[in-house]
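> heads up, no residue letters with this:
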Ligand SMILES: Cc1ncc(C[n+]2csc(CCOP(=O)(O)OP(=O)(O)O)c2C)c(N)n1
Ligand SMILES: CC(=O)[C@@H](O)[C@H](O)COP(=O)(O)O
Ligand SMILES: [Mg+2]
């Protein structure tokens, strides 16, 4: 779409059309609604002033970048947003040259900008290219941002950073940085006050204007800009993030400065769709909904794993006041919001700060508490060294409750929760286990609550597969549970959500198979596995995890250590490649791991 040649009026029409298109498609496909609506003018202004064919356009998380996709040749294709084989909900260079970098995990954008700026400088292209970054106020709370600003403020690479401040993360923003950004001086009141003073002072000539300027200078000491200015980065703002004219003028000015500058834009999350405007967490990421009244079109009947986690933790927290916990800016996604509300001095949202979440929970464990560090599998990757260095090396009793373990669906490559078994199993002192249904979840949580060492349990996005397998037994360290015993040669070993897949696949076999719920992948139930190796020579592993270093790997290591050589093992875990976005069933089908596909494979 040609943005450059359009005047303000025409661009305002473009913004209306963009909003309409986003609402139409997201109401059908689901996706990120309020972030994308709120960023519309900012993105149109970016394309008016900069050129995504040559300037690196870098969106932090990039969940807010739908308008960018719409104005860079993907208007028609936008119908396919977040569907299998369709457009990603995040920037993806393989999808378009206008997408500079993959994103999905927050707070990487300024580091990307600094790296790009170094490359541009080294290639002598600073007179024709400049990185332009968009980062939200929530994403400003992660430490990585300050690593980047620290260097940028010193080395002064030309770069324009648009701080899209809608005073919301997914939930209400947490912490001092958010407070500073929305400090009194950044408020609309201050803006009006400043404008009125300027026009009032104009009537009294230069002397008064000078005095007003001095006063504003001293007031500037308490504007959000002070932190950035002190770091050597120019600060402009706050500006109205929906006023195209002033935005374009401001970005033109920022670009001409030819140095690092932050443009602090104030926006309204959900702008343009009244039902979603403002501080409504639920409009951040939505499923399909009715545009007329905002009612969601999909009602799931069965209880989600997250709901079970919340119920279980509430029960345990009531019984034991030593139980505490943290989420990194995902209170409702992890189900911790109810605990935060019930026990505000024991459960915390620490903002987008997974490293800080892990290490601060480790210190709480040192103080004799029982922390439940509740983080999506994919986002714990951000705090991996803190798991090793601050938790396991100290052998502290922190529970890592990993939600969204396995394929998560429409969020795709950046969000799949598939690596946690591989990356945690290698860490000494770490114990890994997984529930397979509601009852076993409560038992696993009871075990976790009393376990005195580091441990991690994982559970899927959505709900467990219902089975008529025998009830789960109490969790005991390294104890698995044989759910079905057959005389045949085949043993299906399920782990966590994988037990449901093993069960569904067994139903399609034309022979009886034994089914084992492994429950612990570290340490393994050596006694059970030894015994089963005498009865079954063909073992099949079902787990929602990467094959490399996963459950199958653990069992193969066991068989090798035990010198058991007459068992053949095949793991149906995920192959060694990133897993695309889309409806989970369709993604699983593309991987050949639907029960009907596995049954055919095993029979074949
Ligand atoms: C490392 C990491 N942790 C958590 C998330 C989940 N997450 C996605 S967007 C978001 C909030 C971002 O808030 P903000 O930057 O203000 O963007 P807005 O949606 O308000 O425009 C969070 C916590 C993530 N993507 N990456
Ligand atoms: C953009 C982002 O990272 C989050 O909004 C994420 O999409 C939430 O995932 P769930 O929908 O599984 O809670
Ligand atoms: Mg925000």
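Happy to help now that I have it. Computed from a predicted structure; not experimentally measured. Ligands and ions are numbered 1, 2, ... in the order given.

> could you use CA atoms for every contact and neighbour count after this?
OK.

> which residue packs closest to the most centrally placed residue in the chain, ignoring adjacent ones?
Centre of the chain computed as the mean C-alpha position; nearest residue by CA atoms, centre = their mean is residue 105, 5.4 Å away. For residue 105, ignoring the flanking residues on the chain, the nearest one in space by CA to CA, 6 or more residues apart in numbering is residue 61 at 5.3 Å.

> and for residue 279?
The spatial neighbour of residue 279 that comes closest, neighbours along the chain excluded (CA to CA, 6+ apart), is residue 168 at 6.7 Å.

> and residue 434, what pLDDT?
Per-residue confidence at residue 434 stands at 99 (pLDDT).

> that one against residue 444, yeah?
Yes: using CA atoms under 8 Å as the test, residue 434 is close enough to residue 444 to be in contact (7.2 Å).

> which neighbours do the two share?
Counting by CA atoms under 8 Å, 6 or more residues apart in numbering, the residues touching both residue 434 and residue 444 are residue 457.

> mind listing the helices for the stretch 1-150 of the chain?
Secondary structure of the stretch 1-150 of the chain (DSSP state H, counting those that start in this stretch): helices located at 8-29, 34-38, 40-49, 66-70, 109-122, 143-155.

> meant to ask about the stretch 301-450 of the chain, not that
Under DSSP H, counting those that start in this stretch, the stretch 301-450 of the chain gives helices at 305-319, 331-334, 337-342, 354-366, 377-380, 384-386, 420-425, 438-450.

> closest one to residue 98 among these?
Using CA to CA as the criterion, the shortest distance between residue 98 and the helices of the stretch 301-450 of the chain is 26.1 Å, found for helix 377-380.

> is any residue of the closest one near ligand 2?
No: between helix 377-380 and ligand 2, judged by CA under 6 Å from any ligand atom, nothing touches; the nearest distance is 8.8 Å.

> where does residue 211 land on pLDDT?
Reading off the per-residue confidence, residue 211 sits at a pLDDT of 68.

> next, work out how far apart the closest residue to ligand 2 within the stretch 501-604 of the chain and residue 205 are.
With distances taken as CA to the nearest ligand atom, the stretch 501-604 of the chain approaches ligand 2 most closely at residue 581, which sits 11.5 Å away. Between residue 581 and residue 205 the distance, using CA to CA, to the nearest Å, works out to 62 Å.

> who's more crowded, these two?
When residue 581 is set against residue 205 and neighbours are counted by other CA atoms under 10 Å, the residue ahead is residue 581, at 27 against 9.

> what's the nearest residue to that one if we skip its chain neighbours?
In space, residue 581 comes closest to residue 412 once its chain neighbours are excluded; the distance is 3.5 Å by CA to CA, 6+ apart.

> and the one you found, how many neighbours does it have?
A count of nearby residues for residue 412, using other CA under 10 Å, gives 25.

> contacting residues around the residue lying closest to residue 116 once chain neighbours are set aside?
Closest residue to residue 116 in three dimensions, ignoring its sequence neighbours and counting by CA to CA, 6+ apart: residue 131, at 6.7 Å. When contacts are counted by CA under 8 Å, 6+ apart, residue 131 is found next to 55, 56, 57, 58, 113, 116, 117, 158, 159, 160.

> before we move on, what about residue 454?
Taking CA under 8 Å, 6+ apart as the definition, contacts of residue 454 comprise 391, 392, 395, 396, 397, 398, 399, 400, 429, 430, 431.

> same thing but at 7 Å, please
The neighbourhood of residue 454, defined by CA atoms under 7 Å, 6 or more residues apart in numbering, consists of 391, 392, 395, 396, 397, 398, 399, 429, 430, 431.

> who wins for neighbours among these?
Neighbour count (other CA under 10 Å) singles out residue 398 as the most crowded of the contacts of residue 454, with 33 neighbours.

> quick one: contacts for that residue?
Here residue 398 is in contact with 361, 362, 365, 370, 371, 372, 453, 454, 455 (CA under 7 Å, 6+ apart).

> try it again with 8 Å
Under the criterion of CA under 8 Å, 6+ apart, the contact partners of residue 398 comprise 361, 362, 365, 370, 371, 372, 373, 391, 453, 454, 455.

> looking at the helices of the stretch 1-150 of the chain, which is buried most?
Among the helices of the stretch 1-150 of the chain, judged by mean count of other CA atoms under 10 Å, the one packed with the most neighbours on average is helix 34-38 (a mean of 28).

> show me what it packs onto, helices and strands only.
helix 8-29 (3 or more CA pairs under 8 Å, 6 or more residues apart in numbering; DSSP states H and E).

> by contact count, what packs against the helix it packs on?
Judged by 3+ CA pairs under 8 Å, 6+ apart, helix 8-29 is in contact with helix 34-38, helix 40-49, helix 66-70, helix 244-257.

> which one of those helices lies closest to ligand 1?
Put simply, out of the helices and strands packed on helix 8-29 the one that sits nearest ligand 1 is helix 34-38, at 4.2 Å, with distance taken as CA to the nearest ligand atom.

> does that closest one come close to ligand 3?
No: for a cut-off given as CA under 5 Å from the ion, helix 34-38 has no contacts with ligand 3; the smallest distance is 7.3 Å.

> tell me the average confidence for that helix?
Helix 34-38 comes out at a mean pLDDT of 98.

> wait, does it make contact with ligand 2?
No: with CA under 6 Å from any ligand atom as the threshold, helix 34-38 lies outside contact range of ligand 2, at a closest distance of 9.4 Å.

> for residue 83, give me its contacts.
29, 410, 581, 582, 583.

> confirm for me that residue 567 is in contact with residue 539.
Yes: checked against CA under 8 Å, the pair residue 567 and residue 539 is within contact range at 7.0 Å.
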